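Visitor: Need coordinates for the following:
(chains A and B)
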Amino acid sequence: GQNIDQPTEMTATEGAIVQINCTYQTSGFNGLFWYQQHAGEAPTFLSYNVLDGLEEKGRFSSFLSRSKGYSYLLLKELQMKDSASYLCAVEHTGKLIFGQGTTLQVKP
Amino acid sequence: GAGVSQSPSNKVTEKGKDVELRCDPISGHTALYWYRQSLGQGLEFLIYFQGNSAPDKSGLPSDRFSAERTGGSVSTLTIQRTQQEDSAVYLCASTEQGGKGYTFGSGTRLTVV
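Guide: Here you go, the predicted structure:
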């Protein structure tokens, strides 16, 4: 079976740093994705990890540990526009399996 | 086209009616995916087309759901005898062969009344 867990909701303050965790138990693994989804909009690609370690892209970084079945998305210098849902997804047999998503609320 | 195009953007239908949802992927993308997103939930995989291979239908929730992809491009998701629990946003995505950048369309919001 496939199981991908993320916290349902998180709140953080503008300018701060927030870490969104994702744990997974899947029968196969070809990479882990993070997507951002604003309310009423399509998900947009943020990051992709297939090897262990940290991938940095501007204010966003993503970490993967395959042995632990664990990833996190790190958002620095939070802005109000970062309020959105963040979706963790594992690629397996050619398709993405998504977690339930984490709704992040950034407060002034 | 420049992006993944889905139509209609909104669809209200009566319970028991059939509906067709359309997806026009990015030109040249060989893989096409359909997902469903219920209110406040994550994305649920429905079906996946890759080139000329047989589609992966493992996510279709019942035999009322079917999809086809004509000419390796446009795809249609058909839901027969719609039920209220079918109400959701149906998202389509495409990617090039071997690519990792799944591009999503804006979705079709289906409401069954």
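
Visitor: hey, where'd the strands end up in the chain?
Guide: Since you didn't name a chain, this refers to chain A. With DSSP state E, the ranges of strands along chain A come out as A:3-5, A:9-13, A:18-25, A:32-37, A:44-49, A:53-57, A:60-65, A:70-75, A:84-92, A:95-98, A:102-107.

Visitor: nope, chain B please
Guide: In chain order, chain B shows strands spanning B:5-7, B:10-13, B:19-24, B:31-37, B:43-50, B:65-69, B:75-79, B:88-95, B:103-104, B:108-112, with DSSP E as the criterion.

Visitor: Show the average pLDDT along the last one.
Guide: Pointing back at strand B:108-112 there. When pLDDT is averaged over strand B:108-112, the result is 97.

Visitor: now the fourth one
Guide: The predicted model assigns strand B:31-37 a mean pLDDT of 96.

Visitor: Distance across stretch B:83-94, terminal residue to terminal residue?
Guide: When the termini of stretch B:83-94 are compared using Cα to Cα, to the nearest Å, they are 27 Å apart.

Visitor: is that stretch anywhere near chain A?
Guide: Yes. Counting by Cβ under 8 Å from any Cβ of the partner chain, chain A is contacted by stretch B:83-94 at residue B:91. In short, each C-beta sits where N, CA and C put it, glycine included.

Visitor: residues of stretch A:31-41 that come out buried?
Guide: Buried residues in stretch A:31-41, counting neighbours by 16 or more other Cβ atoms under 10 Å in any protein chain shown, are found at A:32, A:33, A:34, A:35, A:36, A:37.

Visitor: one step back: tell me which of the strands of chain A sits nearest to chain B.
Guide: strand A:95-98 (4.2 Å; Cβ to the nearest Cβ).

Visitor: For chain A, what lies in contact range of chain B?
Guide: Taking Cβ under 8 Å from any Cβ, the part of chain A that reaches chain B is made up of A:31, A:33, A:41-45, A:48, A:87, A:89, A:91, A:93-101.

Visitor: just the buried members of the residues you listed?
Guide: When burial is judged by neighbour count using 16+ other Cβ under 10 Å, the buried members of the residues of chain A next to chain B are A:33, A:42-43, A:45, A:48, A:87, A:89, A:91, A:95-101.

Visitor: follow-up on the earlier one: could you export the buried residues of stretch A:31-41 to CSV, including columns for pLDDT?
Guide: Listed next are these as CSV, based on pLDDT from 0 to 100:
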residue, pLDDT
A:32, 95
A:33, 95
A:34, 96
A:35, 96
A:36, 96
A:37, 94
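
Visitor: For the residue nearest the centre of chain B, which non-adjacent residue is spatially closest?
Guide: Centre of chain B computed as the mean C-alpha position; nearest residue by Cα atoms, centre = their mean is residue B:34, 3.4 Å away. If you skip the residues right next to it in sequence, residue B:34 has residue B:46 as its closest partner in space, 4.2 Å away by Cβ to Cβ, 6 or more residues apart in numbering or on different chains.
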